[in-house]
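Asks: show me how the following folds:
(one chain, ligands or ions: 1)
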Amino acid sequence: MTHRILFVCLGNICRSPAAEGVFRARAPHHATDSAGTMGWHAGNPPNGPMQKAAIRRGIDLGDLRARQFTAADFDRFDLIIGMDAQNIADIEDLRPPGNGTPVRLLTDFAPQTGADHVPDPYYTRDFDGALDLIEAAVDGLAAHLDT
Ligand code: 4NP
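Replies: Numbering: from 1, shown residues only. Take a look at the predicted model:
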């Protein structure tokens with residue numbers, strides 16, 4: 001079964017495009033997109049260091065472009081996945097009345113890591129640490145969707 005999955009972070013240039021890129025490589029039968037709760041980087045490709053860290057793992061993010069999350073996304077996707085609690089709060093602020101689309105934290109799908117959010121490498125500069133967590137959680141998500 002094909003699911004429509006939207007990954008959301010703050011800027012849509014580090015964490016959510018990385019999650020989108022890993023997910024589409026692992027689970028190409030699903031429909032995937034990413035967005036940022038803020039529109040500062042709309043139209044821009046993913047952050048350079050994140051692209052380089054991803055390409056070392058065989059994940060090419062070069063075709064992705066940032067866009068801002070909107071209320072219409074609640075109707076376009078079956079599952080919306082945020083990277084941290086602030087993302088979830090900002091997403092929920094736009095939920096249309098009566099809409100029931102589930103919104104989850106990415107780390108919910110990697111309970112073995114003990115992480116409760118994906119730390120933002122735009123600030124931490126730990127791109128590989130973010131990718132380790134994203135890969136573990138995307139594997140869990142893909143398994144969850146296909147069972
Ligand atoms: P992201 O990281 O939410 O993982 O894309 C950020 C990217 C840019 C900014 C903040 C976070 N920024 O402030 O421009």
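
Asks: quick one: the strands in the chain, in order.
Replies: Counting by DSSP state E, the chain has strands at residues 4-9, 31-36, 79-82, 103-105.

Asks: contacts for the third one, please.
Replies: With contacts defined as CB atoms under 8 Å, 6 or more residues apart in numbering, strand 79-82 is touched by 3-9, 19, 73-74, 88, 91, 101-106, 141. For the C-beta atoms, the positions are set from N, CA and C on the backbone; glycine is no exception.

Asks: and those residues near the ligand, which?
Replies: Restricting those to those touching the ligand (CB under 6 Å from any ligand atom) yields Cys9.

Asks: which of the contacts of strand 79-82 count as buried?
Replies: Among the contacts of strand 79-82, those classed as buried by 16 or more other CB atoms under 10 Å are 3, 5-9, 19, 73-74, 88, 91, 101, 103, 105-106, 141.

Asks: ok, now which ones touch Asp84?
Replies: By CB under 8 Å, 6+ apart, the residues touching Asp84 are 9, 105, 117-118, 120.

Asks: can I get these in JSON lines with pLDDT?
Replies: Converted to JSON lines, the contacts of Asp84 look like this (pLDDT from 0 to 100):
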{"residue": "Cys9", "pLDDT": "99"}
{"residue": "Leu105", "pLDDT": "98"}
{"residue": "His117", "pLDDT": "98"}
{"residue": "Val118", "pLDDT": "98"}
{"residue": "Asp120", "pLDDT": "98"}
